[in-house]
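>>> Fold the following, please.
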Amino acid sequence: MKLKQGQTAPNFEVLDIQGNKINLNKLSNHKILLTFFRYAECALCNLRISEIKNESQRLKMLDIKLIAVFQSSKDSLIKNVQNEHAFDFTIIADPNRELYDLYQVKPSWIKLIRTTTWKGVNSIIKASKKGYKPGGKVEGKFHQIPADFLINQDKKIEIAYYGSSVIDHISIEKLLKSTTNTI
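Below you'll find the model as predicted:
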């Protein structure tokens, strides 16, 4: 069953790609934007990270810490995500999909097909112009759909957003507006 606003976020303890232990319950000083992506070379995922990077100062001012989860290996994530997007965020390799299962983030062929709209094609063009190659090495499920969870300091889910296509994440503006309204 999908997680919902108001629920306690499921705790986890994992190592990030730098070998740091990440325990959700011990990250008490920040709001957390827990974002589930597809794989390290996904052009659309990298486009989304670049959009978050562009807003990283505003997110930091609102005391939101980004944790990005991928199905990819640690080595792929260091090469294709961390080295590509240099800003302060945590990256977790989850090739066994344990966090995906814990947060009920599921793949869907139907939702993948929804990405072929004009908006999806436009996103692919935009990603290509930024240098992110469409396709790339697929690690994990090609038809993985993203999800975003804004978790407050009390570990309650403020926003549970399950994507309706590969490009469907919560908008940065909605995220910022929601956070500003709760301060």
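>>> Going by C-alpha atoms from here, please, whenever you check contacts or count neighbours.
Fine.
>>> Leaving out the residues flanking it, which one is nearest to Leu77?
Nearest non-adjacent residue to Leu77, counting by CA to CA, 6 or more residues apart in numbering: Ala40, 5.4 Å away.
>>> What score does Asn80 have for pLDDT?
We have a pLDDT of 82 for Asn80.
>>> Can you tell me the SS state at it?
Three-state assignment for Asn80 (DSSP: H, G, I helix; E, B strand; the rest coil): helix.
>>> mind starting the numbering at 76 from now?
Yes, from this point I'll number from 76; that puts the last item at Asn155.
>>> chain center to the helix or strand of the chain with the lowest mean pLDDT, what's the gap?
Counting by mean pLDDT, DSSP states H and E, the chain has its least confident helix or strand at helix 247-256, which shows a mean of 75. For helix 247-256, the separation from the chain centroid amounts to 16 Å (computed by CA atoms, centre = their mean, to the nearest Å).
>>> What is the neighbour count of the closest residue to Pro182 other than its chain neighbours?
Nearest non-adjacent residue to Pro182, counting by CA to CA, 6+ apart: Gln219, 3.9 Å away. Neighbour count of Gln219, defined by other CA atoms under 10 Å: 23.
>>> Then Asp176?
By other CA under 10 Å, 10 other residues sit near Asp176.
>>> how about it, secondary structure?
Per three-state DSSP, Asp176 ends up helix.
>>> just Phe224 next, same as before
With three-state DSSP as the criterion, Phe224 reads strand.
>>> Okay, and the beta partners of it?
Applying DSSP bridges to Phe224 yields these beta-bridge partners: Leu109, Ala235.
>>> Show me the strands in this structure, by range?
For the chain, the strands defined by DSSP state E cover 88-90, 96-98, 106-111, 139-145, 165-168, 222-226, 232-237.
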